[in-house]
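Visitor: Here's my sequence, what's the structure:
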Amino acid sequence: MADFIPRGDAEAIAHGKNLVAYAVGNAAALNMNAGDETILKNSLDDFEAKYLEAVTKKAQSEAAIVAKGEAREVYETEVRKFNSDMHDAGDEHRTAMALTVEDDIKTAVGAPASHPVGEVETSQKLVHIIHFRDEFTPDSKAKPDGAIGAQIWLKIGGAPPVDYKECQYIATDSRTPYNCDFDGADAGKTAYYLLRWINGKGETGPWSPLVQATITG
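Guide: Modelled structure (predicted):
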């Protein structure tokens, strides 16, 4: 969610003036007390004064710029507290003051549309370390939206599997990598892996390309 306070100083001041004017004019409806109004308005006024001093000084002295930054920090503290205090004020009031308005409409997330990309590390004896990333974000460890983890299916030895029906489900891993341990009798055999994302509703995405590696003894 974007910050409700504009990044620019002039824009933040204009936003604050609208907010304060509305809050003062609707103090009863917002259940505000005079002390809260005064603190918020005074912090905004000081921020504006320090801002004008900083931008009008010919050399824009470092002291004036620092003072402006400190004044903005004080104002932001007060206006964020006000934003929190107005949590139950109602969307109409919050929208009028350009405060945060929570989106109550939840967007449905369907089955994963992408597949994991697997890579097998064989540096340890009788262990395969299976790293997996999403095909759309190969430089990140993040799962696609809605996915709770990657299903990992395995076939040991023989010809490569034609589909997952020749494999055995071994785990759903929520975080890469996954360590797969083997018995000594499997040393020298080839392990084949298929992976797919699964979401919280049990819906699965497309299968990954087949990944294979020799089991080191």
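
Visitor: Leaving out the residues flanking it, which one is nearest to Glu37?
Guide: Once flanking residues are discounted, Glu37 sits nearest to Val24: 5.7 Å by CB to CB, 6 or more residues apart in numbering. Using the backbone N, CA and C atoms, a C-beta is placed for each residue, glycine as well.

Visitor: What pLDDT does the model give Ala150?
Guide: pLDDT for Ala150: 93.

Visitor: now Glu92
Guide: In this prediction, Glu92 carries a pLDDT score of 86.

Visitor: next helix or strand past the helix or strand that it is a member of?
Guide: Assigned by DSSP states H and E, Glu92 belongs to helix 91-96. As assigned by DSSP H and E, the chain's next helix or strand after helix 91-96 is strand 116-121.

Visitor: what's that next one in contact with?
Guide: If you take CB atoms under 8 Å, 6 or more residues apart in numbering as the criterion, strand 116-121 is touched by 128-135, 138, 150, 177, 191, 193, 195-197, 208-209, 211-213.

Visitor: Tell me which strands that strand pairs with, and in which orientation.
Guide: Paired neighbours of strand 116-121 in the sheet (DSSP bridges): strand 127-134 (antiparallel).

Visitor: what's in contact with the strand it pairs with?
Guide: By CB under 8 Å, 6+ apart, the residues outside strand 127-134 that reach it are 114-123, 139-144, 150, 152, 173, 176-182, 191, 193, 195, 197, 208, 211, 213, 215.

Visitor: Pull out the buried residues from the residues you listed.
Guide: With burial judged by 16 or more other CB atoms under 10 Å, the buried subset of the contacts of strand 127-134 is 114-118, 120, 143-144, 150, 152, 173, 176-178, 180, 182, 191, 193, 195, 197, 208, 211, 213, 215.

Visitor: Let me know the next secondary structure element after the helix or strand where the residue nearest to Glu37 lies.
Guide: According to DSSP H and E, Val24 maps onto helix 9-25. Next along the chain after helix 9-25, taking DSSP H and E as the criterion, comes helix 34-56.

Visitor: helices and strands around that next one, which ones?
Guide: In terms of contacts (3 or more CB pairs under 8 Å, 6 or more residues apart in numbering; DSSP states H and E), helix 34-56 is packed against helix 9-25, helix 62-85.

Visitor: and the residue of the chain positioned farthest from its centre, how far is that from Ala54?
Guide: Relative to the C-alpha centroid of the chain, counting by CA atoms, centre = their mean, Ala185 is the outermost residue, at 44.5 Å. To Ala54, Ala185 is 76 Å away according to CB to CB, to the nearest Å.
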